[in-house]
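*Asks:* Next comes the sequence, and after it the predicted model I'd like to discuss.
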Amino acid sequence: MASKVDKVIDRLEKLTRDVNEIKAKSIGLLPVPPLVKGALRATSPLLDDVATDIYFDTVRSIADVVLPADSAREIINNPNVLMDSSGAISQITARPAVPKPRKVTKKMKQQRKIQSTAFKNANAKGRLQNGSFRAGFDQSRIARMAQKECTKERIRLGLCEDPKKKMKKKKK
């Protein structure tokens, strides 16, 4: 797979060879003696070909120094570097790795259900029909009520121990 620089060099070399062909054909139009024309026709294409080959080999070796094959390979194989049809190279931002979603266990589902019900009940107690807070209520009070109800329900279902009883045991 050729790089953009190699494609440009190839196009320039083709153009140079076309110019050399035109030059070789136009030798017949020069106002010089026929022997000179014959000598020019014999030597000019050979000299032009040699000069063109030497020149473009040098250009390619300089291009390899400026953009070594390893660098070109790295650019080509990098998924964050794109080249469009015109040969313009652009960088795309790497997408952050999406972590796998956590597996939802039976216990987590149960906790979410309890918490959902507790927040529905607390919102019903702390809000009016139009959705605004009752007097003395705000979102933090509703959240505290819901958390308290959630803890009571978990204790009732045997999913956790009463934290108040644990505290009393630790004090002794």
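*Replies:* Looks like it came in fine.
*Asks:* where's the residue lying closest to residue 119 once chain neighbours are set aside relative to residue 130, distance?
*Replies:* Of all residues not flanking residue 119 in the chain, residue 146 sits nearest, at 4.4 Å (CB to CB, 6 or more residues apart in numbering). For glycine as for every other residue, the C-beta is placed from the backbone atoms N, C-alpha and C. As for residue 146, its distance to residue 130 is 21 Å (criterion: CB to CB, to the nearest Å).
*Asks:* Between the two, which is the more surrounded one?
*Replies:* Neighbour tally, residue 146 and residue 130, criterion other CB atoms under 10 Å: the higher count belongs to residue 146, 21 against 5.
*Asks:* surely the residue nearest to residue 119 meets residue 116?
*Replies:* No: with contact defined as CB atoms under 8 Å, residue 146 does not reach residue 116; the gap is 9.4 Å.
*Asks:* Quick check: buried residues in the one helix or strand residue 111 maps to?
*Replies:* Element membership for residue 111 (DSSP states H and E) is helix 106-126. Across helix 106-126, burial judged by 16 or more other CB atoms under 10 Å covers 111, 114, 115, 118, 119, 121, 122, 123, 126.
*Asks:* Break down this structure into its strands, ranges please.
*Replies:* With DSSP state E, the ranges of strands along the chain come out as 81-83, 89-91.
*Asks:* now the first one: how far from the chain's centre is it?
*Replies:* So that's strand 81-83. Put simply, strand 81-83 sits 10 Å off its chain's centre (CA atoms, centre = their mean, to the nearest Å).
*Asks:* mind listing what it pairs with, with the direction of each?
*Replies:* Next to strand 81-83 in the sheet, as set by DSSP bridges, lie strand 89-91 (antiparallel).
*Asks:* Quickly note the distance from residue 62 to residue 9.
*Replies:* For residue 62, the distance to residue 9 - CB to CB - is 10 Å.
*Asks:* again with residue 39
*Replies:* Per CB to CB, residue 39 is found 32 Å from residue 9.
*Asks:* May I have the residues that are in contact with residue 81?
*Replies:* Residues near residue 81 by CB atoms under 8 Å, 6 or more residues apart in numbering: 75, 89, 90, 91, 92.
*Asks:* Which one of these is nearest to residue 16?
*Replies:* Top of the list for closeness to residue 16, among those and by CB to CB, is residue 89 at 25.6 Å.
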